[in-house]
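Engineer: sequence and predicted structure, then a few things I'm wondering about:
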Amino acid sequence: MTTLNHSAVFVEATRADIHQLVRTMVDAIGAPLVQILSGAKDNTAPHRWAHPESTEPDTLTEERLRLGYRVWLTLQAAEDRDGALTWLRDKNPVLDDERPVDFIYQQHAQQVVHAAESWVSGTPTR
């Protein structure tokens, strides 16, 4: 069973520089998934946001990116990158058979974070 430091994950996700956060997400899960969870219409947006000299995403998009980063940091505790990527992309019965990336886009923070924490710890969800 994996132990998570919920506070540290939350603090990192809320305080991280947005450009560094996006750069980490693009490297970890790929620009297409970052685009989906952020709701960006332009497929080059994640790459632009990753550069420190570039513009920042709007407030709503930044909130989605930070939630996605929080979920990704949680999933990293499982030490199974491929499993974590599959978990993000595939429909999830715990999330009403929707993909976790869609729950991030819709900003259902409590549900998607709880589902990620349950997956990492191996405990059944309520």
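Structural biologist: Yep, it's here. Because the structure is predicted, anything quoted here is derived from the model rather than measured.

Engineer: now do the same contact list for the most centrally placed residue in the chain.
Structural biologist: Closest residue to the average C-alpha location of the chain: Gly68 at 2.0 Å, with CA atoms, centre = their mean. For Gly68, the contact set (CB atoms under 8 Å, 6 or more residues apart in numbering) comprises Met25, Val34, Leu37, Ser38, Val101, Ile104. Glycine gets a C-beta too; all of them are placed from N, C-alpha and C.

Engineer: quick one: mark the members of those residues that sit in helices.
Structural biologist: Of the positions in the contacts of Gly68, Met25, Val34, Leu37, Ser38, Val101, Ile104 sit in helices, assigned by DSSP state H.

Engineer: would you turn these into TSV with pLDDT?
Structural biologist: Below are the ones in helices among the contacts of Gly68 laid out as TSV (pLDDT from 0 to 100):
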residue	pLDDT
Met25	96
Val34	97
Leu37	96
Ser38	97
Val101	97
Ile104	97
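
Engineer: can you list the neighbours in contact with the helix or strand bottoming out on mean pLDDT in the chain?
Structural biologist: When the helices and strands of the chain are compared on mean pLDDT, DSSP states H and E, helix 6-15 comes out lowest with a mean of 85. Helix 6-15 is contacted from outside by Leu21, Arg66, Leu67, Tyr69, Arg70, Leu73, Thr74, Glu117, using CB under 8 Å, 6+ apart.

Engineer: any of those residues buried? List them.
Structural biologist: Those of the contacts of helix 6-15 that meet the buried threshold are Leu21, Arg66, Leu67, Tyr69, Arg70, Leu73, Thr74, Glu117, by 16 or more other CB atoms under 10 Å.
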